[in-house]
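A.B. asks: Fold the following for me, if possible:
(one chain, ligands or ions: 1)
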Amino acid sequence: MKKVIVTGAGGYVGIPLCQALLSKDYQVIALDRYFFGTDKLTSISSHPNLTVVREDIRYCDTAIFKDAYAVFDLAGLSNDATAEIDPALTVSINYKGSERFAREAKKGGVQRYIYASSASVYGAGAKGSLRETDSLSPQTEYAKSKVAIETVLHELADDNFSPVMMRNATIFGLAPRMRFDLAINIMTLRAWKERVIYIMGGGEQWRPFVHVNDVVRAFMLMLESPKDLIHDQIFNVGSSELNYQIKQLAQFVIDVIPNVVIHTIPDDPDKRTYNVNFEKIQSVLDYRTTIQIHEGIVEIKQALEKGLLNGDDPTCYTLQWYNSLITWHNRIKELSYNDTIL
Ligand SMILES: NC(=O)c1ccc[n+]([C@@H]2O[C@H](COP(=O)([O-])OP(=O)(O)OC[C@H]3O[C@@H](n4cnc5c(N)ncnc54)[C@H](O)[C@@H]3O)[C@@H](O)[C@H]2O)c1
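C.D. replies: So this is what the prediction gives:
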C-alpha cells in the first residue's frame, strides 16, 4: 500500500481528496492545522488507512516523510483576500512553509510532489485563452506565493523528485468543509436564502470554474499517471467550456432558483480577470471535466433544503473565520490568568 501525505487535508478540497485516496487503498497521512475543525472529517475519521496529524507545514517533524511516495501540497491561506490579512503571514505559510515542506519531502525520499497552484497566477490576463506558457500577472500576495512555489518546485525537479503544478480554476460545489466565499457557492446561498444575487465589479471579469470532485479526479491523475507525462509540468485544471464572466453566473443560478433580484456593484478592489485554456491537460492526460455549473448549484440548493448545509456556519467564510481566530487569540492572551480564563 502506497503512503501519501495530504497537507491541507481538513480543507474544502483536502477532505474529498482524502476520501478518494482511501477508496483506492492508499495509506493517507492527513496533515493540517484543522483551522476549520476536525468534525468535518467524520465520513473518513475511523478509516484504518487514515492517520490524522494536527501539525503545521512550517514546523512539523520531517520523520513524516519516511516511506512516503507522494505529497499533495494543499495547505495554506487559500484565497487572495485571506492572504492579504498580513503579507508577512502569507510569506511565512504559503511561501516559506510550502518551500520548506517541498525541500524536506525531497530530502525524505518523496518521489512525486503535487502542488495546488491556482489560475489566479494569470491575474489581470492581457488576452483570452491563457495557456501554461503565457506570461503571468499575479495581482495579490496569494498569487505571488503560488508563482514563487512553482519556481521552487521547478528548481527541485530531478530524476528522483517529480513535482507537478496544478493551476486550478475557481472551484464550486458541495464538500464537507464548505466554502461560501467562492463565487458560485455564495451566489447560490444568497439566492436561496435571501432571494438576491450580488455581482461584484460590474460582472465583466472572466474566470474559469471547475467542480470540486473534478479537481479531485485531476489530483488523482497527477498521482497515477506515468512519470514522464507529469514530471516538472504545469497544468491548468478545468475546462475551456467553463470560462464565464461573473455576470453570466447569475443566470445559471436564476435557472435553478428563480425570482431573485440581481444587484450589480460596479466597484471591486479585485481586478483579476482571466480566461484560461485547458487543452494541455486534455491532450496530455486525457482529462475532461464531468460536472456542469448548474449541477453544482442544484446540489448546494438541495443540501440547503435538506438542512445538510448551514449558510450561517462561520467556518464557511475563510477570511472572516481567520480574522475571528486572530481576534479571539488576542482576547484570550489578554484575559488569561495563570494559563486559564475563569
Ligand atoms: N478553492 C479554490 O477555488 C481553489 C482554487 C485554486 C487553488 N486552490 C488551492 O487549493 C488548496 C486547497 O484549497 P481549499 O479551497 O481546500 O482551501 P481550505 O482553506 O479549505 O484548505 C486549506 C487548509 O490548509 C490548512 N492550513 C492553513 N495553514 C496551515 C499550516 N500552516 N499548516 C498546516 N495546515 C494549514 C487549513 O487548516 C485548511 O484546512 C489551496 O492551496 C488553495 O490555494 C483552491
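A.B. asks: What distance do you get for residue 329 to the ligand?
C.D. replies: Counting by C-beta to the nearest ligand atom, to the nearest Å, the gap from residue 329 to the ligand is 14 Å. For every residue, glycine as well, the C-beta is placed using N, CA and C.
A.B. asks: again, but for residue 88
C.D. replies: Relative to the ligand, and taking C-beta to the nearest ligand atom, residue 88 is found at 13 Å.
A.B. asks: How about residue 188?
C.D. replies: With distances taken as C-beta to the nearest ligand atom, residue 188 is found 15 Å from the ligand.
A.B. asks: Show me which residues of the helix or strand hosting that residue are buried.
C.D. replies: Under the criterion DSSP states H and E, the helix or strand holding residue 188 is helix 183-194. The neighbour-count criterion (16 or more other C-beta atoms under 10 Å) identifies 183-192 as the buried residues of helix 183-194.
A.B. asks: got it, and stretch 203-220?
C.D. replies: For stretch 203-220, the neighbour count (16+ other C-beta under 10 Å) marks 203, 205-220 as buried.
A.B. asks: and if you look at stretch 59-69?
C.D. replies: Buried residues in stretch 59-69, counting neighbours by 16+ other C-beta under 10 Å, are found at 60, 64-65, 68-69.
A.B. asks: contacting residues around it?
C.D. replies: The contact list for stretch 59-69, computed with C-beta atoms under 8 Å, 6 or more residues apart in numbering, reads 2-5, 29, 31, 53, 55, 71, 101, 104-105, 107-112.
A.B. asks: buried subset of those?
C.D. replies: Applying 16+ other C-beta under 10 Å to these, the neighbour count classes 2-5, 29, 31, 53, 55, 71, 101, 104-105, 108, 110-112 as buried.
A.B. asks: out of those residues, which are inside helices?
C.D. replies: 101, 104-105 (DSSP state H).
A.B. asks: Looking at those, spot the one nearest residue 250.
C.D. replies: Comparing these against residue 250 with C-beta to C-beta places residue 101 closest, at 39.1 Å.
A.B. asks: what sits against the closest one?
C.D. replies: With contact taken as C-beta under 8 Å, 6+ apart, residue 101 is in contact with 7, 57, 60, 71, 73, 75.
A.B. asks: Would you list the phi and psi of the closest residue to the fifth one other than its chain neighbours?
C.D. replies: On the basis of C-beta to C-beta, 6 or more residues apart in numbering, the spatially nearest residue to residue 73 that is not a chain neighbour turns out to be residue 115, at 4.8 Å. Residue 115 adopts backbone torsions of phi -110, psi 130, taken as degrees, to the nearest 10.
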